[in-house]
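Novice: need the 3D shape of this:
(one chain, ligands or ions: 1)
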Amino acid sequence: MDAILVVNAGSSSLKLQMFEAGRAGTPRRLLEGRIEGVGTAPRLHAVGADGAILVDRTLSPETVPDLPAALHVAETFLRGLSGVTLAAVGHRVVHGGPAYDRPLVVTPAVLADLERLVPLAPLHQPHNLAPIRTLLQRRPDLSQVACFDTAFHRGRDPLADRFAIPQTLHDEGVRRYGFHGLSYEYIAGRLPEVAPDVARGRVIVAHLGSGASLCALSAGRSVETTMGFTGLDGLPMGTRPGRLDPGVLLHLMTAKGMDAVAIEHFLYRECGLKGLSGIGNDMRDLEASDDPRAAFAIAFFVYRIGLEAGMLAAALRGLDAVVFTAGIGENSARLRAAVAERLAWLGAVLDPVANAQGHSRISAPDSRVALLVVPTNEELMIARHTAGLVFGSSSISRGTA
Ligand code: AMP
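Specialist: Sure thing, here's the model as predicted:
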């Protein structure tokens, strides 16, 4: 059986999913795995489609010092699966820059182009590209597809892409790119199936996970989003502050003597729910805590979602639906209820029972704004793009995981 491997490479981890390729009808995920602790305490873990553990093995840091080595371990493990032939690989790539507005098959020339974007996403892009480079060298026969987190937001009104800075900097790439695009694209594709009444309308998708952002969809296309040049802007997140007066950074530099490395660590690791609560970044821990700082952090998160949603509703000039997705959006009825209350002025009325029971439509029948819960699936989106580009068809069908 031919299979498509979906790779999501981070600084110290390689997440993998494998899908059956070339099969008409319902897509089938064959396995999900990850190698964590690359370079420190590597561990390979994978489960099959039925949840059965296929492998759970500790590896030595000498064997897996970096991502290419981790990829090699993954390849060896996958080769050992009987009856499965790797036919193509789809990669999550955080940045497609101003030009790439869709996924594409990676050639050495494309890879060189994507490497030029590293300065725009120095924390993510090098890791995303490392496995692509390794496979291009080792398996030039294998088709690889790059799927960008930024691509779905390209083609917006130039007003939405711009900061109020001189043109030269904009031309050098300092723009509002937006991220979480694969998640939003997946949701936009699901809406005609789960909510045909609003799919062509004005929709805010709330991707609320450890990273969080909102996207304004008009007839299924991104017109505005809360993240900008990097994944730091917009909503507060697990450990990132979201919208922050740039004057705070000047203060950290001048009054606190912090350099770029210290500020980067602060912004990506010490702020958000973790910084606010002093407890941690995990919403489950905060919801379980009776510490008033946890309650404040949650209230702040909800408040900011309400403010940013108001901004996106303004970009859409009205609102027909709000979709909750990702770890918090899909699982926290309490958070959804609090956000719905903040959006009452826009016409949102929650059905508390449907919300508590985790229905896909959680708004009351008389709600002017439909409230929906739609689980996201970025990996399936990558698998679909890969199948479409490599096999010329949507051999992995839309809609189901
Ligand atoms: P993600 O990045 O999409 O995997 O989302 C991770 C976030 O989802 C973390 O803050 C988790 O605490 C949160 N999360 C996952 N399950 C639940 C749940 N049942 N209730 C509240 N938050 C949850």
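Novice: and the gap between Leu232 and the ligand?
Specialist: Going from Leu232 to the ligand by Cβ to the nearest ligand atom, to the nearest Å gives 16 Å. C-betas here are computed from N, CA, C, even on glycine.
Novice: er, Phe152 I mean
Specialist: For Phe152 relative to the ligand (Cβ to the nearest ligand atom), the value is 17 Å.
Novice: in a strand, that residue, correct?
Specialist: No. Counting by DSSP: H, G, I helix; E, B strand; the rest coil, Phe152 is not found in a strand; it is helix.
Novice: I'd say it and Tyr177 touch.
Specialist: No. Using Cβ atoms under 8 Å, Phe152 is not in contact with Tyr177, being 10.4 Å away.
Novice: so what's the residue count around the residue of the stretch 201-350 of the chain found nearest the ligand?
Specialist: Of all residues in the stretch 201-350 of the chain, Gly327 sits closest to the ligand, at 2.0 Å by Cβ to the nearest ligand atom. Residues lying near Gly327 (other Cβ atoms under 10 Å) number 18.
Novice: can you tell me, leaving aside adjacent residues, what's nearest to it?
Specialist: Gly209 (4.2 Å; Cβ to Cβ, 6 or more residues apart in numbering).
Novice: what residues are up against the one you found?
Specialist: 326-329 (Cβ atoms under 8 Å, 6 or more residues apart in numbering).
Novice: give me the subset of the residues you listed that lies in helices.
Specialist: 326-329 (DSSP state H).
Novice: identify the farthest-apart pair in those.
Specialist: Gly327 and Gly329 (7.4 Å; Cβ to Cβ).
Novice: overlap in contacts of those two?
Specialist: 208-209.
Novice: just confirm the residue of the stretch 201-350 of the chain closest to the ligand contacts Ala206, I think it does.
Specialist: No. The criterion here is Cβ under 8 Å, and Gly327 misses it with Ala206 at 11.8 Å.
Novice: for the helix or strand containing Leu276, the averaged confidence score.
Specialist: Per DSSP states H and E: Leu276 is located in helix 272-277. For helix 272-277, mean pLDDT rounds to 97.
Novice: the next helix or strand after it and the ligand, any residue contact?
Specialist: Downstream of helix 272-277, the next assigned helix or strand under DSSP H and E is helix 283-288. Yes. Counting by Cβ under 6 Å from any ligand atom, the ligand is contacted by helix 283-288 at 283-284, 287.
Novice: doesn't Leu31 belong to a strand?
Specialist: Yes. Under three-state DSSP, Leu31 falls within a strand.
Novice: which PyMOL command selects the buried ones in the residues of helix 283-288 next to the ligand?
Specialist: Buried residues among those (16 or more other Cβ atoms under 10 Å), as a PyMOL selection:
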select buried, resi 283
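Novice: kindly indicate which of the residues of helix 283-288 next to the ligand lies nearest Ala297.
Specialist: Closest to Ala297 out of the residues of helix 283-288 next to the ligand is Met283 (9.2 Å), distances taken as Cβ to Cβ.
Novice: my read: Val373 touches Gly358, true?
Specialist: Yes. The pair Val373 and Gly358 passes the contact test of Cβ under 8 Å, sitting 6.8 Å apart.
Novice: got the residues of the stretch 101-250 of the chain near the ligand?
Specialist: 209-210, 238.
Novice: which parts of the stretch 51-200 of the chain are strands?
Specialist: 53-58, 85-93, 104-105, 143-148 (DSSP state E, counting those that start in this stretch).
Novice: buried stuff in the last one?
Specialist: Looking back up the chat, that one is strand 143-148. Here strand 143-148 shows 143-148 as buried, counting by 16+ other Cβ under 10 Å.
Novice: so which of those residues comes closest to Ala344?
Specialist: Phe148 (36.1 Å).
Novice: partner residues bridging the closest one?
Specialist: Here Phe148 sits in beta bridges with Val93, going by DSSP bridges.
Novice: show me the contacts for the spatially most central residue of the chain.
Specialist: Per Cα atoms, centre = their mean, the C-alpha nearest to the average position across the chain is that of His180, at 3.8 Å. By Cβ under 8 Å, 6+ apart, the contact set of His180 is 149, 207, 211, 213, 215, 225, 227.
Novice: before we move on, what about Leu104?
Specialist: 110, 145-146, 389.
Novice: mind doing that once more with 7 Å?
Specialist: 110, 145-146 (Cβ atoms under 7 Å, 6 or more residues apart in numbering).
Novice: show me what from the stretch 251-400 of the chain comes close to the ligand.
Specialist: Going by Cβ under 6 Å from any ligand atom, the residues of the stretch 251-400 of the chain near the ligand are 282-284, 287, 326-328, 331-332.
Novice: can you list those in a markdown table and add pLDDT?
Specialist: Shown next, in a markdown table, are those (pLDDT from 0 to 100):
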| residue | pLDDT |
| --- | --- |
| Asp282 | 95 |
| Met283 | 96 |
| Arg284 | 97 |
| Glu287 | 98 |
| Ala326 | 97 |
| Gly327 | 96 |
| Ile328 | 97 |
| Asn331 | 98 |
| Ser332 | 98 |
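Novice: of those residues, closest to Ala295?
Specialist: Distances from Ala295 to those, taken by Cβ to Cβ, are shortest for Glu287, at 9.4 Å.
Novice: for that closest one, what are its contacts?
Specialist: Glu287 neighbours (Cβ under 7 Å, 6+ apart): 298, 332, 334.
Novice: now the buried members of those residues.
Specialist: Buried, going by 16+ other Cβ under 10 Å: 298, 332, out of the contacts of Glu287.
Novice: for the contacts of Glu287, which one is nearest Pro98?
Specialist: Out of these, the member with the shortest distance to Pro98 (by Cβ to Cβ) is Ser332, at 35.4 Å.
Novice: what sits closest to that closest one if chain neighbours are left out?
Specialist: Per Cβ to Cβ, 6+ apart, closest to Ser332 is Met283, 6.1 Å.
Novice: isn't the one you found up against Ile328?
Specialist: Yes. With contact defined as Cβ atoms under 7 Å, Met283 and Ile328 form a contacting pair (4.9 Å).
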